[in-house]
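S.K.: got a predicted structure plus its sequence, pasted below:
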Amino acid sequence: MKTLMLNVNEIEKAAEIIRQGGLVAMPTETVYGLAADAYNGRAVANIFRAKGRPMDNPLIVHISELSQIYGLVREFPEKARILADKFWPGPLTMILPKSARIPDEVSAGLDTVAVRCPSDVNARKLISLSSPLAAPSANLSGSPSPTSARHVFNDMNGRIDAIIDGGECDVGVESTVITLATDPPRLLRPGGITLEQLREAIGEVVLDDAVLNPLKSGEKAASPGMKYKHYAPKAELVLLRGSEESFLGFVNSRKDGRTAVLCYDEDMPYLELPFIPLGRAADYEVQASRLFSALREADDKGFERVYAHCPHTDGVGLAVYNRMIRAAGFKVIDL
Ligand code: AMP
Ligand code: MG
C-alpha cells in the first residue's frame, strides 16, 4: 500500500480515508496517533495489524467535543465531569463504562472504554469531519512513540493509508490515563496532566503499582498495555541513580565509541563521550517532549548502549520516569 503524506491543509482528504474505513496517522499534542473510525470494528482491527499490537491491548477513543462522549459511555460520573471541565481538551484519558456501540476491537473485550479530547486543532478537525477516532500511538508495537511525522513514516510507510504532517508534538509523551470505573479513581499511566493536578481537582487518586514497578508474574494488569515491553530503543538503555559527580565519573569511564549519554544540559561541558541533551535537570516538561526522539536518535546513530539519569517522580517527572524505566527494562544502577 502507498502511504500518502498529507499536510494540514489536506485534512478533508484524510477524513474521507477514515470514512472509507482506512487508517490515518494524525498529530496530537501528546504523540502521533494511528486513527480509524471508532465505530468501525473492521477498520479498528487493521490498526492492530499495522502496528503488530497485541489484540488484548485496548485503544483510546478521541473526540472533538464533549457531546460525543454520550455515544461512547454508559455513565459520565461527577468526577469525570469535573476532570473534563478542567483538563479537556488536553492530554488526559479517562476510562469509563462503555456503551454498547463500542466495537470489541476498541475495548479489547473489556467493559470499559478510554476516552480523550485532544487539544491539537488538526486532530480535532479530522475528528469533526469524520467520527470519534480510535487511535493508539502510531509506532510499531514496542518501539518509542512517534513525536514527528518522520518517526511515523519510518515505522509505518507502506502499512497505513496516510500521515498528516503537523510538525513536532508539544507534550511528547502519551496522555495521562485515569480510570473512573473504580472508586477511588486510579492513575494507570502518568503523562502531561500530573497526579498532583488530578488530586487537586477530585481528591483521592490511587497511584497504580504498575506505574513505578514491573508487574509481578501472574499479576493482572489494570491497564493491559502495562504488561508489554514498551518504548524500547534497539540500544541497551541503563539508568544511573546518584550524585552529579558520580554520574559524570561513571559515564566518562565508558568511552568505547559505542556508548552515548542522554544527559541534562548542565552535564554537557563535562562529558567526554557522545551525548544527546534532554533539557535542563529541573525542566521535566522539556525532558518529556524530547525523550522519544532522543531514543530514536540514539538508534539512528548506531549506539549500542545509552546511559541516562534516573528521573525524579514528582510532577511530569513521573511520566518521564515511567517511560524511561520501561525503555530501560527496569535496569537501574545505584552509584
Ligand atoms: P496507546 O494508545 O498506545 O498510548 O495505549 C493506550 C493505553 O491505554 C494502553 O496502555 C491501554 O492498555 C490503555 N487502555 C485503553 N483502554 C483501556 C481500558 N478500557 N482499560 C484500561 N486501560 C486501557
Ligand atoms: Mg503506544
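M.R.: Thanks, I have the structure now. Ligands and ions are numbered 1, 2, ... in the order given.

S.K.: interface residues of the protein facing ligand 1?
M.R.: With C-beta under 6 Å from any ligand atom as the criterion, the chain comes near ligand 1 at residues 57-60, 95, 107, 110, 112-114, 136-137, 174, 177, 188-189, 223-225. (Glycine included, C-beta is placed from N, CA and C.)

S.K.: ok, of the residues you listed, which come out buried?
M.R.: Among those, those classed as buried by neighbour count (16 or more other C-beta atoms under 10 Å) are 57-60, 95, 107, 110, 112-114, 136-137, 174, 177, 188-189, 223-225.

S.K.: those residues in strands, which ones?
M.R.: Of these, the ones assigned to strands by DSSP state E are 60, 95, 112, 113, 114, 177, 188, 189.

S.K.: leaving out sequence neighbours, find the closest residue to the fourth one.
M.R.: Counting by C-beta to C-beta, 6 or more residues apart in numbering, residue 98 is the residue found nearest to residue 113 once chain neighbours are left out, at 3.7 Å.

S.K.: tell me what the one you found is bridged to.
M.R.: Using DSSP bridges, the bridge partners assigned to residue 98 are residue 73.

S.K.: count the residues that sit near it.
M.R.: Neighbour count of residue 98, defined by other C-beta atoms under 10 Å: 24.

S.K.: before we move on, what about residue 305?
M.R.: Neighbours of residue 305 using other C-beta under 10 Å come to 15.

S.K.: what are the bridge partners for it, then?
M.R.: Each beta-bridge partner of residue 305 is listed here, defined by DSSP bridges: residue 236, residue 259.

S.K.: touching, it and residue 234? I think so.
M.R.: No - checked against C-beta atoms under 8 Å, the pair residue 305 and residue 234 is beyond contact range at 10.8 Å.

S.K.: just the residues of the chain next to ligand 1 that are near ligand 2?
M.R.: By C-beta under 5 Å from the ion, the members of those lying near ligand 2 are 136, 137.

S.K.: next, give phi and psi for the residue sitting nearest the centre point of the chain.
M.R.: Centroid-nearest residue in the chain, with C-alpha atoms, centre = their mean: residue 174, separated by 2.3 Å. Backbone dihedrals for residue 174, given as degrees, to the nearest 10, come out at phi -60, psi 160.

S.K.: wait, it sits on residue 29?
M.R.: No - here residue 174 lies out of contact with residue 29, judged by C-beta under 8 Å, at a distance of 10.8 Å.

S.K.: what is in contact with those two at once?
M.R.: Counting by C-beta atoms under 8 Å, 6 or more residues apart in numbering, residue 174 and residue 29 have no contacts in common.

S.K.: quick check: nearest residue in space to the residue in the stretch 101-250 of the chain that ligand 1 sits nearest to, chain neighbours excluded?
M.R.: Of all residues in the stretch 101-250 of the chain, residue 225 sits closest to ligand 1, at 2.1 Å by C-beta to the nearest ligand atom. Closest residue to residue 225 apart from its sequence neighbours, by C-beta to C-beta, 6+ apart: residue 57 at 5.1 Å.

S.K.: fine by me, we can end here.
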